[in-house]
Each structure stands twice: as structure tokens, then as C-alpha cells.
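Peer 1: Mind looking at a prediction? Sequence and model below.
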Amino acid sequence: MRREAAMVRFVVAFCLLVAGALGALGAAGGLRAQAVDLELVLSVDSSGSIDSDEFALQREGYARALIHPEVLKAIASGPNKAIAIAFVEWSGPGIATRVIEWTRIAGKEDAEAAAGLLLAAPRTIFGGGTSLGAAIEDGIAAFEGNRFQGRRQVIDISGDGFNNRGIAPEHARKEAIRRGITINGLAVDEFGGALEAYFRAAVIAGPDAFAISATGFEDFHRAVLRKLLREIFISQAAAPS
């Protein structure tokens with residue numbers, strides 16, 4: 001009887017241990033799917049056409065936009081009062097660096113931390129052509145297992161040139177369309193409007209997709225701020241996914 005009682009106690013203790021472990025896994029699973037208003041991949045050209053000054057203006061433009069009072073106010077006005085971002089720099093096929101891993105932005109402190117990481121990180125890509133198609137593919141893959149559940153998923157591609165390497169963006173975006181992912185574009189257009197037109201025709205896709213332009217890198221911050229605000233407000237109006 002004593003042995004049987006000891007066995008019962010062991011089985012009960014084991015079951016409690018397993019239940020606790022499963023509960024912990026369930027809690028962790030909850031953490032893997034934090035609700036946000038927007039999952040946003042900021043996908044930025046770092047090809048050879050971007051010189052060091054232009055590269056700095058790009059980084060500064062995004063950093064300033066993230067901490068801008070209007071952006072913080074827009075984020076706070078959403079149903080989930082938060083967005084999730086990842087920041088990627090790219091050039092040719094297979095050449096991409098995740099500068100900021102997926103992070104939740106729910107206020108000034110989060111935004112300042114992300115902006116600080118962005119400004120401090122060294123440049124790692126200096127050439128390799130321009131593959132907008134590969135950037136789209138990389139952006140699609142970035143959403144997998146990112147631990148967030150957004151009302152919308154958006155890939156935000158900025159660049160100063162046309163696709164000249166790898167898969168054509170027209171083909172790459174088909175998978176984004178299939179998955180309900182939106183692709184927006186920011187063209188640093190020094191081609192008299194031709195690059196923005198190309199982004200509209202070949203790059204952007206999905207629900208409420210849009211393209212805007214900066215008239216050079218000195219105008220980049222204004223364009224990024226305008227684009228980011230628009231993406232946040234569209235996502236807040238969207239039905240939950």
C-alpha cells in the first residue's frame with residue numbers, strides 16, 4: 001500500500017509538473033502573438049548607388065520619423081496602441097541585413113530605443129546591384145514567426161533605382177498578394193517621376209497599396225514621415241486579420 005501511495009503521489013506530481021510546463025508554453029505562445037495595429041517591414045536600399053551621405057540621410061530620416069510626435073500620437077490612437085517594426089537593408093539577391101529585429105513600438109521610450117539602434121548600427125552592405133524583387137521576397141519571409149499579430153502586414157520598400165538583379169518585382173509580389181500582404185513604395189526619384197511611376201506599376205501591391213516619392217535624399221525625412229503616418233492610419237481603419 002505504501003508503495004502504491006508513493007506511486008500515486010509520484011504520478012500526481014508528474015502530472016502537475018507537465019501541466020505547469022504546458023501552461024508556461026501556452027503563456028510563451030501568447031507572447032509570440034502580441035496584438036498590434038501594424039506589422040511593418042521597413043526595407044531600405046543599401047546598394048552601391050547610395051553613397052555615405054545619402055545612407056546617413058536615409059537612416060536619419062527613419063530615426064526621426066519613428067520618434068516624431070505625430071507618429072507617436074498616431075500609434076497611441078490605434079485599437080492596440082502599438083505597432084511592430086523590423087528594419088532591413090538590402091542590395092542584390094541574397095544580400096540583406098536585419099538592422100532592427102522585430103520590435104514593438106508602443107510609446108516614446110520604445111521609439112527612441114529603436115531609433116538609437118538604427119543610428120548606431122554600422123553599414124554592412126555597399127553594393128551588389130539592386131534587387132527589388134529579392135527585397136520583396138525577404139520582406140515576405142520576415143513575417144514568419146515574428147511573434148506579432150497585426151491588423152495588417154506591410155512591406156515598405158524605399159530605393160533610388162530600378163530593379164537590375166534577380167527576380168523581377170512583378171513576379172515576387174504575387175506571393176505577397178496571395179498572402180494578403182501590402183507592399184508600399186518610397187521612390188527617391190531623381191528621374192523626373194519615372195521611378196515613382198515604376199514603383200506604382202511594378203512594385204506596390206495589395207490592399208490600400210501606395211507609392212510616394214522624395215525629390216532627392218534631402219527630402220527623404222519628409223517623405224518617410226508622410227508615408228509612415230499614412231500606413232499607421234490605414235492599418236487602424238482595417239478590420240482585424
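Peer 2: Perfect, thanks for sending it. Residues are numbered from 1 along each chain as shown.

Peer 1: in this structure, which spans are strands?
Peer 2: Along the chain, the segments classed as strands by DSSP state E run 34-36, 39-45, 83-90, 96-105, 148-150, 153-159, 182-188, 211-214.

Peer 1: Identify the bridge partners of V41.
Peer 2: For V41, the beta-bridge partners are A86, I155 (DSSP bridges).

Peer 1: Retrieve the pLDDT associated with the residue nearest the centre of the chain.
Peer 2: Nearest residue to the geometric centre of the chain (CA atoms, centre = their mean): V41, 1.5 Å. Reported pLDDT at V41 in the predicted model: 99.

Peer 1: ok so, going back, got TSV for the strands of the chain, with distance to Q58 too?
Peer 2: To be clear about C-beta, it is placed using only N, CA and C from the backbone, and glycine gets the same treatment. Shown next, in TSV, are those (distance: least, CB to CB, whole Å):
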stretch	distance to Q58
strand 34-36	24
strand 39-45	6
strand 83-90	9
strand 96-105	11
strand 148-150	24
strand 153-159	7
strand 182-188	8
strand 211-214	10
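
Peer 1: Which one of those strands lies nearest to A205?
Peer 2: Nearest of those to A205, taken as CB to CB: strand 182-188 at 4.7 Å.

Peer 1: Quick one: distance of the closest one to the chain centre.
Peer 2: How far strand 182-188 lies from its chain's middle: 12 Å, per CA atoms, centre = their mean, to the nearest Å.

Peer 1: Remind me what it packs against, helices and strands.
Peer 2: When contacts are defined as 3 or more CB pairs under 8 Å, 6 or more residues apart in numbering; DSSP states H and E, strand 182-188 sits against strand 153-159, helix 169-179, helix 194-198, strand 211-214, helix 220-237.

Peer 1: ok, the closest residue to Q149 other than its chain neighbours - contacts?
Peer 2: Excluding its sequence neighbours, the residue lying closest to Q149 (CB to CB, 6 or more residues apart in numbering) is A33, at 4.6 Å. A33 sits next to R147, F148, Q149 when contact means CB atoms under 8 Å, 6 or more residues apart in numbering.

Peer 1: now do S43
Peer 2: Going by CB under 8 Å, 6+ apart, the list of residues near S43 reads V88, W90, A135, I136, D138, G139, I155, D156, I157, S158.

Peer 1: which residue packs closest to the fifth one, ignoring adjacent ones?
Peer 2: Think D138. A96 (4.9 Å).

Peer 1: Give me the neighbour count for the one you found.
Peer 2: A96 has 24 neighbours, counted by other CB atoms under 10 Å.

Peer 1: ok, it touching A134?
Peer 2: Yes - between A96 and A134 there is a contact under CB atoms under 8 Å: 7.5 Å.

Peer 1: Find residues that contact each of these two.
Peer 2: Joint contacts of A96 and A134 (CB under 8 Å, 6+ apart) are W90.

Peer 1: ok, back up a step: show me what contacts the residue nearest to the centre of the chain?
Peer 2: Contacts of V41 by CB under 8 Å, 6+ apart are I85, A86, V88, G139, A142, F143, V154, I155, D156.

Peer 1: ok, and the most crowded of those?
Peer 2: I155 (31 neighbours).

Peer 1: and that one, how far is that from G161?
Peer 2: 18 Å (CB to CB, to the nearest Å).

Peer 1: returning to what we had before: which of the contacts of S43 lies closest to G127?
Peer 2: W90 (11.6 Å).

Peer 1: mind giving me the domain ranges of the chain?
Peer 2: 1-31, 35-237 (automatic domain parsing).
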